[in-house]
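S.K.: I'll drop the sequence and a predicted model, then ask my questions.
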Amino acid sequence: DRPTLAVVGATGAVGTVMLDILSTREDVWGEIRLLASPRSAGRRLTVRGEQVEVQAISPEAFDGVDVAMFDVPDDVSAEWAPVAASRGAVAVDNSGAFRMDDDVPLVVPEVNAAAARTRPRGIISNPNCTTLSMIVAMGALHRTYGLRELVVASYQAASGAGQAGIDTLHDQIAKVAADRELGTRAGDVRRAVGDLGPFPAPLALNVVPWAGSLKDGGWSSEELKVRNESRKILGLPDLRVNATCVRVPVVTTHSLAVHATFEREVSQHEAQAVLRDAAGVVLCDDPAAYEFPTPADAVGTDPTWVGRVRRSLDDPHSLDLFLCGDNLRKGAALNTAQIAEVVAAELTEGR
Ligand code: 2RA
C-alpha cells in the first residue's frame, strides 16, 4: 500500500520541475493528487506520463493524503500546511513560513535526514534555494574539519524570483540584444530594458546586489536566510556567517563564492577528496583544463558542483571555493521530493 502524495502549487516554476522530478525518480508513491488555488483548478498536468486534473485546495482535499508538498507563497503555506497536518498528512513546505520555528525541522537529507523524524506540528521545512545550493558541500567539509565561519557571495539566477523572473530576464535580453552601444553610458541599459519585473534594477547586461526584502542594518532577507538556515541545518547556532546576495543574468542555477574557516587546518587535496566522496556533490576542479562549474553547465542536474577549491594563502584553516546548484531542483523541488521520500520510507516501514 504505497503512500498518497499531494502536490500543492504544481503550476508554478518550482511545481513544474517537481512534476518532472516525480516522473523521473524511483516512484515510491501511490496516488499523486495535484492541488492549487481555485483559479488553476480543472487544468490538466502530466505527471508520471499521465494527465492529472488539478483540484481546488480545500481541507477535504487532504483526506487520505500521507505527505503534502507545498510550493506556494509564505502566506498560502502558513494557512494551509497546518490544515494538511490536521488532516493527518506530513506537510513538506518549501516556503519561508516555518523554517526558523523551533518545532519545525529544516531538512537537507544529505546533511541532517534524522531531523525529519521529529516534527511535532506535522510540518517539515525545505530550506531557501541559496542556502541549499551550498549546504550539502559545506556539510561534508564541516564533518571533516568543523566549520567556524562562512563568508559568501551569491550569484543568483532569475528563476529564484519565479516565472516572472525568468520572463523578465528574457524580455530584457531581447530588448538589449541588438544594440552594441548599450552598456557604455550610465543609465542606457536601464532605459533600454524598461520593465524591471520583480528586480530592483536591470538584470540584462548587469548584476544586482539584492534579493528579498530589507531587514535591520541594511541586510537583505535573503542574506539573513543564508545565515540563519545554515546555522539550523548544521546544528551550529553560533556559526559566523556573512553573505552578500547578488542577482545575475542567469536563467536557472545559483552559484556561490565561499570563504570557509574551520576548526582544523585544511589541505587542498584532502578537501577535494572529501568533496569528491560526498553524496550529492560533484567535484569539477581542474583549472589547468578550465574545468570548473558554471551555471550554464550545471543547470538541469541534481548535484552541487564544486570547483576552484583553494587553501587560503593567509590562513591554513580556510578554504575558498566556487559552487553551482540548480535552484529549482536541489534548491527547491528535488530537496522537497527527497524529504518526502524520507517520510514515505518511514511511513512504509511502520505499516
Ligand atoms: C531567490 N532564494 O533566489 C530566492 C527564491 N526563494 O530569489
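M.R.: The structure has been received and is ready for your questions. Residues are numbered from 1 along each chain as shown.
S.K.: which stretches of the stretch 251-351 of the chain form helices?
M.R.: For the stretch 251-351 of the chain, the helices defined by DSSP state H, counting those that start in this stretch occupy 268-277, 295-298, 334-350.
S.K.: swap in the chain?
M.R.: 13-24, 74-86, 109-112, 129-145, 162-176, 188-193, 221-234, 268-277, 295-298, 334-350 (DSSP state H).
S.K.: ranking those helices by burial, who's on top?
M.R.: helix 129-145 (a mean of 25; mean count of other Cβ atoms under 10 Å). In short, each C-beta sits where N, CA and C put it, glycine included.
S.K.: That one vs the ligand: in contact?
M.R.: Yes: with Cβ under 6 Å from any ligand atom as the measure, helix 129-145 is seen reaching the ligand through 129-130.
S.K.: packing partners for that helix?
M.R.: If you count contacts as 3 or more Cβ pairs under 8 Å, 6 or more residues apart in numbering; DSSP states H and E, helix 129-145 packs onto helix 109-112, strand 147-156, helix 221-234, strand 254-262, helix 268-277, strand 281-283, strand 304-311, strand 318-325.
S.K.: Nearest to the ligand: which residue in the protein?
M.R.: Gly160 (1.9 Å; Cβ to the nearest ligand atom).
S.K.: List the residues that contact the residue nearest to that residue when sequence neighbours are not counted.
M.R.: Ranked by Cβ to Cβ, 6 or more residues apart in numbering and with sequence neighbours excluded, the top spatial neighbour of Gly160 is Asn327, at 5.4 Å. Shown in contact with Asn327 (Cβ atoms under 8 Å, 6 or more residues apart in numbering): 129-130, 132-133, 156-157, 159-160, 252-254.
S.K.: what's the first-to-last distance across stretch 234-247?
M.R.: In stretch 234-247, first residue to last residue: 25 Å (Cα to Cα, to the nearest Å).
S.K.: ditto for stretch 310-318
M.R.: In stretch 310-318, first residue to last residue: 9 Å (Cα to Cα).
S.K.: go on, stretch 241-260?
M.R.: Across stretch 241-260, first to last residue, Cα to Cα, it's 9 Å.
S.K.: from the chain's centre, how far out does that stretch sit?
M.R.: 12 Å (Cα atoms, centre = their mean, to the nearest Å).
S.K.: burial count for the nearest residue to Val282 once chain neighbours are set aside?
M.R.: Spatially, and ignoring its direct neighbours in sequence, Val282 is nearest to Pro303 (4.6 Å; Cβ to Cβ, 6+ apart). For Pro303, the neighbour count with other Cβ atoms under 10 Å is 24.
S.K.: show me the contacts for Pro303.
M.R.: Taking Cβ under 8 Å, 6+ apart, one finds 136, 280-282, 325, 330 in contact with Pro303.
S.K.: Swap in 6 Å and give it another go.
M.R.: 280-282 (Cβ atoms under 6 Å, 6 or more residues apart in numbering).
S.K.: filter those to the buried ones?
M.R.: Among the contacts of Pro303, the ones that count as buried by 16 or more other Cβ atoms under 10 Å are 280-282.
S.K.: export those residues to TSV and tack on pLDDT and distance to Glu31?
M.R.: TSV is the format used below for the buried ones among the contacts of Pro303 (pLDDT from 0 to 100; distance: Cβ to Cβ, whole Å):
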residue	pLDDT	distance to Glu31
Gly280	97	29
Val281	98	34
Val282	98	34
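S.K.: how about the residues of the stretch 51-200 of the chain near the ligand?
M.R.: 128-130, 156, 160-161.
S.K.: what stretches of the stretch 201-350 of the chain score poorly on pLDDT?
M.R.: Applying pLDDT under 70 to the stretch 201-350 of the chain flags no residue at all.
S.K.: one more time with 90, if that's ok
M.R.: Scanning the stretch 201-350 of the chain for pLDDT under 90 picks out the ranges 349-350.
S.K.: At the contact with the ligand, which residues of it appear?
M.R.: Counting by Cβ under 6 Å from any ligand atom, the residues of the stretch 201-350 of the chain near the ligand are 211, 222.
S.K.: Which residue is the nearest non-sequential neighbour of Leu234?
M.R.: His142 (5.8 Å).
S.K.: which one is the residue of the chain most remote from its centre nearest to, not counting chain neighbours?
M.R.: Distance from the C-alpha centroid of the chain, by Cα atoms, centre = their mean, peaks at Glu181 (36.3 Å). Distance criterion Cβ to Cβ, 6+ apart; nearest residue to Glu181, sequence neighbours excluded, is Asp188 at 7.4 Å.
S.K.: ok, now Met100?
M.R.: That would be Asn228: by Cβ to Cβ, 6+ apart, it lies 5.7 Å from Met100.
S.K.: follow-up on the earlier one: what are the phi and psi values for the residue nearest to Val282?
M.R.: Phi and psi for Pro303, reported as degrees, to the nearest 10, are phi -80, psi 170.
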